[in-house]
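Chemist: This is the structure alone, sequence omitted:
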């Protein structure tokens, strides 16, 4: 007979979470007939952490360091030979080149080859073809191999598509993930992603066709998202509230360090096909935690596998040298979920049963859309924003590390909601500051400096919504909400590079910047309407989402 439920008031600011290497074993053996939630048990397990526990969590998080080397492959593998980084990189072998060069201002010569003429109906056509050139470059580039080196026209759109199609694959992964993350588990979902992303990235080593590369990039986006998203959920579900903030920052710091990995691959590997081979080797090493980690106890409880949940809790306890006697503990989560049959149709039905769950999910989707569009709009545009592609990515990584380190104490002090509102507001101000066309020194402009500052705020937003989504969404719908929210972010991610690389050069430079600033201000309102979660127990079901509003667990400012 269950007598009562213990509810802990979490003192997350003063909780002692330092490793205790000098204590060999700690016991947690409660009296009979006591009910604990899985949150309570995990929190007590983690009160005194050992190096083994920290090493295990860090190992699982390390998987994100390989993501930029996959995502930004096209930025380095398709580097344009028609930039100032490659002077005298080409020579035309037909006579029309002489008149083309003579008619081009010296300051614009680096933009060649892009000879054009107008047809009677006003359309612009290219005169020269790939066979008209011989190349003098020290590295290969698919821009040369697939004739994507022109500064204008359809070739630019075709090259941008190789970057953006990645996010279409990621969107499909999120749609698939909505039905499997919460039903087959976080670990199994990530294993499926590994089995997809590794062989398809290796195929890039043997790719010599534009449409084959397009297919590779689509499947890469699908596979990588199927790995990174469930692994993020897995780690966050085995940690208490305070540590989720720090682990979220560590995820993002490893992501930012991945910029250095991606830049090193692009700089030291001169053959673009071998860049894909190098990325595959990095992924093989980084993906190992997927096969050796444990499924989360929260997931097992949601699908009514109590013994598996206990085994998972015992594994976490063993890492911290805690003797956990679960035979004397009744887990409160079981009472919430024992009458529930977890399935995708049931999850969809819950959105109708609990409109609050549906409304919060829509708000998260909007925040993800704005965050994804602005974040990847920046990060596929550093070649045009900064004078040097490699410096641009390294500086972006540095800016993100600053953002993630700064966001952690900010969230600890102000909470999830206020911190994310502040980050959205800072990003809006940065976009508006970047509008004036002011040259500062050399090729540096006010736009490049403002964007470097802006990426700190945008990265903070990107990191914050990742953390917040996992806490706003109940365990029964966490994978689904991550799937649809991240899917909305992928739609924004697809549009972002096109806005930066294609729309911005053709309209007033203020248009995309003002548009992004407006979206950021609307996102401040969206974040305001959501709930603070940092010091509260994570909701298990849709009913808990309604209860936390009704019972006054969360307040508006």
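Modeler: Yep, it's here. Because the structure is a prediction, the values reported are computed rather than measured.
Chemist: What are the boundaries of the strands in this structure?
Modeler: Applying DSSP state E to the chain gives strands spanning 4-5, 26-28, 34-36, 90-92, 116-118, 124-126, 133-135, 322-324, 329-331, 439-441, 444-445.
Chemist: how close does the residue nearest the centre of the chain sit to residue 66?
Modeler: Nearest residue to the geometric centre of the chain (C-alpha atoms, centre = their mean): residue 462, 7.2 Å. Using C-beta to C-beta, to the nearest Å, one gets 18 Å for the distance from residue 462 to residue 66. Backbone N, C-alpha and C define where each C-beta goes, glycine included.
Chemist: any idea which of the strands of the chain scores lowest on pLDDT?
Modeler: Set side by side, these show their lowest mean pLDDT on strand 4-5, which sits at a mean of 32.
Chemist: Who are the contact partners of the spatially closest residue to residue 319 that is not a sequence neighbour?
Modeler: Distances taken as C-beta to C-beta, 6 or more residues apart in numbering place residue 53 nearest to residue 319, at 4.1 Å, with adjacent residues excluded. By C-beta atoms under 8 Å, 6 or more residues apart in numbering, the contact list for residue 53 reads 19, 46, 316, 319-320.
Chemist: Just among the residues you listed, which is most surrounded?
Modeler: Neighbour counts for these, by other C-beta atoms under 10 Å, peak at residue 320, which reaches 24 neighbours.
Chemist: Count residues in the vicinity of residue 268, would you?
Modeler: 9.
Chemist: now it: how far from residue 275?
Modeler: In this structure, residue 268 and residue 275 are separated by 10 Å, where distance is defined by C-beta to C-beta.
Chemist: What of residue 543?
Modeler: Going from residue 543 to residue 275 by C-beta to C-beta gives 50 Å.
Chemist: neighbour count winner among the two?
Modeler: Under the criterion of other C-beta under 10 Å, the comparison of residue 543 against residue 275 puts residue 275 first, with 26 against 17.
Chemist: In contact with that one, which residues?
Modeler: 73, 76-77, 204, 265-266, 269.
Chemist: Just flag the most distant two among the residues you listed.
Modeler: Considering C-beta to C-beta, no two members of those lie farther apart than 204 and 266, which are separated by 13.7 Å.
Chemist: May I ask which helix or strand of this structure has the lowest mean pLDDT?
Modeler: In the chain, no helix or strand scores lower on mean pLDDT, DSSP states H and E than strand 4-5, which sits at a mean of 32.
Chemist: show me what contacts the nearest residue in space to residue 549 that is not next to it in sequence?
Modeler: Nearest-residue entry for residue 549: residue 356, 6.0 Å, with adjacent residues in sequence omitted and distances by C-beta to C-beta, 6+ apart. With contact taken as C-beta under 8 Å, 6+ apart, residue 356 is in contact with 545-546, 549.
Chemist: now those as JSON lines including pLDDT?
Modeler: Written out in JSON lines, the entries for the contacts of residue 356 read as follows (pLDDT from 0 to 100):
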{"residue": "545", "pLDDT": "87"}
{"residue": "546", "pLDDT": "86"}
{"residue": "549", "pLDDT": "77"}
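Chemist: Mind giving me the PyMOL select for the residues you listed, buried ones only?
Modeler: One line in PyMOL is enough to select the buried ones among those; burial here means 16 or more other C-beta atoms under 10 Å:
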select buried, resi 545+546
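Chemist: So which of the contacts of residue 356 sit within helices?
Modeler: Mapping those onto helices (DSSP state H) picks out 545-546, 549.
Chemist: could you dump these to TSV with distance to residue 483?
Modeler: Conversion of the ones in helices among the contacts of residue 356 to TSV gives the following (distance: C-beta to C-beta, whole Å):
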residue	distance to residue 483
545	17
546	22
549	23
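Chemist: now, among the residues you listed, which is nearest to residue 467?
Modeler: Of all the ones in helices among the contacts of residue 356, residue 545 has the smallest distance to residue 467: 17.4 Å, by C-beta to C-beta.
Chemist: The closest one against residue 475, yeah?
Modeler: No: applying C-beta atoms under 8 Å, one finds residue 545 not in contact with residue 475, separated by 10.8 Å.
Chemist: Between these two, which contacts overlap?
Modeler: Taking C-beta under 8 Å, 6+ apart as the contact rule, the neighbours common to residue 545 and residue 475 are residue 539.
Chemist: residues near residue 195, how many?
Modeler: That count, for residue 195 with other C-beta under 10 Å as the rule, works out to 15.
Chemist: Not counting its neighbours along the chain, what's nearest it?
Modeler: When the adjacent residues along the chain are set aside, residue 195 lies closest to residue 223, with 7.9 Å between them (C-beta to C-beta, 6+ apart).
Chemist: Tell me who's in contact with residue 173.
Modeler: The contact partners of residue 173, taken as C-beta under 8 Å, 6+ apart, are 193, 221-226, 229.
Chemist: Show me those residues that map onto helices.
Modeler: Secondary structure of these is defined by DSSP H; positions in helices are 193, 221-226, 229.
Chemist: Can you redo those as TSV, where the extra columns are distance to residue 366, pLDDT and neighbour count?
Modeler: Output for the ones in helices among the contacts of residue 173, formatted as TSV (distance: C-beta to C-beta, whole Å; pLDDT from 0 to 100; neighbours: other C-beta atoms under 10 Å):
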residue	distance to residue 366	pLDDT	neighbour count
193	26	95	25
221	22	92	27
222	24	94	24
223	27	95	25
224	24	93	25
225	20	92	28
226	24	93	28
229	19	91	24
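Chemist: List just the nearest of these to residue 38.
Modeler: Looking at the ones in helices among the contacts of residue 173 and their distance to residue 38, the nearest is residue 229, at 21.3 Å (C-beta to C-beta).
Chemist: quick one: the closest one from residue 464, how far?
Modeler: Spatial separation of residue 229 from residue 464 under the definition C-beta to C-beta is 16 Å.
Chemist: Likewise for residue 245?
Modeler: In terms of C-beta to C-beta, residue 245 sits 10 Å off from residue 464.
Chemist: Show me which of these two is the more surrounded one.
Modeler: In this view residue 245 and residue 464 are compared by other C-beta under 10 Å, and residue 464 has more residues nearby, 30 against 24.
Chemist: Which residue, neighbours along the chain excluded, lies closest to that one?
Modeler: Excluding the flanking residues, the one nearest residue 464 by C-beta to C-beta, 6+ apart is residue 420, at 4.1 Å.
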